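>>> Predicted model, plus sequence, below.
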Amino acid sequence: MANILNNHDLSHNNTMALSCTARHAMILDDIDTLGDDIATAIAFAKRHDLPLFVLSYGSNVILPSVLNALVLLPKIQGIEILQEDDERITLQVACGENWHDFIKTCLDKGYFGLENLALIPGLVGACPVQNIGAYGVQVSDFITKVIAYDLTDGQKYEFDNTACKFDYRHSFFKDNAGRYLISHVVFTLHKTPKTLTNYGDLASLAQELANKNGRDTPHPIDVFHAVIDIRNSKLPNPAVLANCGSFFQNPIIPMSQFTALKERFADLPSYPVNDDIIKIPAGWLIDKAGLKGKGVAPILTHDKQALVLTNHAPHTATQDDIRTAQDFIVNAVQDKFGVTLVREPVWVD
C-alpha cells in the first residue's frame with residue numbers, strides 16, 4: 001500500500017522547475033494495490049477537505065507555490081499485447097511508462113504510427129489528456145481505449161476513442177481536469193511501415209536519412225530520428241534549461257482573417273484545416289513580434305524557438321512569474337497581428 005507523504009517538494013516534478021510544495025502526496029507504483037490506494041486517497045481527501053490532484057511527468061502544467069491538495073503521482077509500469085494480426089497490434093500501456101521510450105520500444109519491435117511524436121516529454125498516462133500532437137499526427141489517431149479511475153467514487157471506467165472526445169490539444173479528460181486518474185492507455189498500431197512527413201523540414205530530413213540508409217522513401221525509423229534531430233536543434237532539454245515545451249497553441253483562424261494577414265505578412269506560414277479555417281504557427285507570430293529570446297525575467301522565450309518559455313531561475317521562479325511573461329507575450333502578438341494566443345499547458349489553481 002502507498003504511503004501519504006507530507007509537505008512534498010514538487011519543484012523536481014515539473015519540467016518548468018517552478019517552486020511548488022504539495023501539502024500531501026502519494027506515489028502510486030503498484031497496479032495490484034491501485035484500487036485500494038485510490039480508495040485510501042479519496043477517504044483521506046474527504047476527511048481533510050482537500051482536492052485530489054493527479055501529477056504525471058509534469059511536462060505540461062504550471063504549478064502554484066503551494067498546492068493545497070493530496071497529489072497523486074502515478075508511476076505504474078507495464079506493456080501488454082492485447083491483440084495482434086498481420087497488419088495491426090493492440091497494446092495496453094501503463095500510465096507510468098516514459099512516452100519517448102515507449103515509442104522507441106514500438107519501433108524496435110516493428111510497431112508503427114507514433115514516430116512523429118518522438119521526444120515529447122512525459123508519461124503515457126498523460127498523453128490522452130492534452131491529445132498530444134506533432135508533425136501532422138495526434139495521439140488520438142492511435143488510441144483505442146483509455147482506462148481510468150474516477151476520483152469521485154474510486155470506480156474504474158473504460159472510455160473508447162469516441163467517449164474521449166478528442167479535439168485539437170483537447171479531450172474529455174481535459175474538460176474534467178482532476179476527476180480521473182488514467183491507469184492505462186490502449187493503442188492500435190500498424191505493423192506495415194506508414195509515414196507522414198508532409199511538414200517541410202521533417203520531409204527533407206527524413207528523406208536525407210532514408211538515402212543514407214539505402215532507402216528510396218523514408219521508413220518510420222527515419223522519421224523517428226528526423227523528429228529527434230529537429231526537436232533537439234530547436235527545443236531545449238528540460239533537464240538543462242527548464243521549460244514545458246510549446247507554451248502556446250498554434251492559432252486556428254478564419255480564412256478571411258488569414259487572407260488579410262497574408263497581405264500584410266507575405267511570408268506567414270500556414271497549414272489548412274478545411275476550406276473555412278487555417279492553422280498558423282504561434283512561434284512565428286512571437287518571433288515576428290520581436291520576442292524571440294525575450295520576455296519578462298526570469299521567464300524568457302527560447303532563443304531558438306520562440307514558442308517555448310524557459311525558466312532561468314529553476315526551483316525559485318513561481319507561477320506569478322509565468323503569468324507576467326505570458327501576458328506580455330499575448331498582448332504583444334495581439335497588438336501586432338490581431339491574433340490571441342492561447343496557453344497550452346494546464347494552469348493549476
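Thanks, I have the structure now. Numbers count the residues shown, from 1 in each chain.
>>> quick check: mean pLDDT across the longest strand belonging to the chain?
Using DSSP state E, we find that the single longest strand of the chain is strand 180-190. For strand 180-190, the mean pLDDT works out to 98.
>>> which other helices and strands contact the next helix or strand after that strand?
Counting by DSSP states H and E, the element after strand 180-190 in chain order, helix or strand, is helix 200-212. With contacts defined as 3 or more C-beta pairs under 8 Å, 6 or more residues apart in numbering; DSSP states H and E, helix 200-212 has these neighbours: helix 220-234. Just so you know, the C-beta spots here come from the backbone N, C-alpha and C atoms, and that holds for glycine as well.
>>> in its sheet, what does the next helix or strand after the helix it packs on sit against?
Moving toward the C-terminus from helix 220-234, the next helix or strand (DSSP H and E) is strand 242-246. Paired with strand 242-246 in the same sheet, following DSSP bridges, are strand 308-311 (antiparallel).
>>> Pull the distance from the partner strand to the chain's centre.
15 Å (C-alpha atoms, centre = their mean, to the nearest Å).
>>> picking that back up, roughly how far out does the longest strand of the chain sit from the chain middle?
For strand 180-190, the distance to the chain centre is 15 Å (C-alpha atoms, centre = their mean).
>>> For that strand, which residues meet the burial criterion?
By neighbour count with 16 or more other C-beta atoms under 10 Å, strand 180-190 contains the buried residues Tyr180, Leu181, Ile182, Ser183, His184, Val185, Val186, Phe187, Thr188, Leu189, His190.
>>> How about stretch 162-170?
Cys164, Lys165, Phe166, Arg169.
>>> TSV please, covering the residues you listed and showing secondary structure, distance to Pro238 and pLDDT.
Shown next, in TSV, are the buried residues of stretch 162-170 (DSSP: H, G, I helix; E, B strand; the rest coil; distance: C-beta to C-beta, whole Å; pLDDT from 0 to 100):
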residue	secondary structure	distance to Pro238	pLDDT
Cys164	coil	27	98
Lys165	coil	29	98
Phe166	coil	26	97
Arg169	coil	19	87
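>>> From the residues you listed, pick the one nearest Asn211.
Arg169 (33.9 Å; C-beta to C-beta).
>>> Quickly note the distance from the nearest residue to His315 once chain neighbours are set aside to Val54.
Of all residues not flanking His315 in the chain, Ser11 sits nearest, at 4.4 Å (C-beta to C-beta, 6 or more residues apart in numbering). Taking C-beta to C-beta, to the nearest Å as the measure, Ser11 falls 18 Å from Val54.
>>> related to what we said a few turns ago, with distance to Ala317 added, can I get the buried residues of stretch 162-170 in TSV?
Listed next are the buried residues of stretch 162-170 as TSV, based on distance: C-beta to C-beta, whole Å:
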residue	distance to Ala317
Cys164	34
Lys165	34
Phe166	33
Arg169	24
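>>> which residues touch the residue positioned nearest the centre of the chain?
Nearest to the mean C-alpha position of the chain, by C-alpha atoms, centre = their mean, lies Ile132 at 4.8 Å. The neighbourhood of Ile132, defined by C-beta atoms under 8 Å, 6 or more residues apart in numbering, consists of Trp99, Leu117, Ile120, Gly122, Gln138, Val139, Arg169.
>>> Out of these, which end up buried?
For these, buried by 16+ other C-beta under 10 Å: Trp99, Leu117, Ile120, Gly122, Gln138, Val139, Arg169.
>>> What residues are bridge-paired with the fifth one?
Read that as Gln138. Gly133.
>>> Tell me who's in contact with it.
By C-beta under 8 Å, 6+ apart, the residues touching Gln138 are Asn131, Ile132, Phe166, Tyr168.
>>> Swap in 10 Å and give it another go.
With contact set as C-beta atoms under 10 Å, 6 or more residues apart in numbering, Gln138 has these partners: Asn116, Leu117, Cys127, Gln130, Asn131, Ile132, Phe166, Asp167, Tyr168, Arg169.
>>> The third one contacts Leu114, correct?
Yes - in this structure Cys127 lies within contact range of Leu114 using C-beta atoms under 10 Å: 9.4 Å.
>>> Which of the buried ones among the contacts of Ile132 scores worst on pLDDT?
For the buried ones among the contacts of Ile132, the pLDDT minimum is Arg169, 87.
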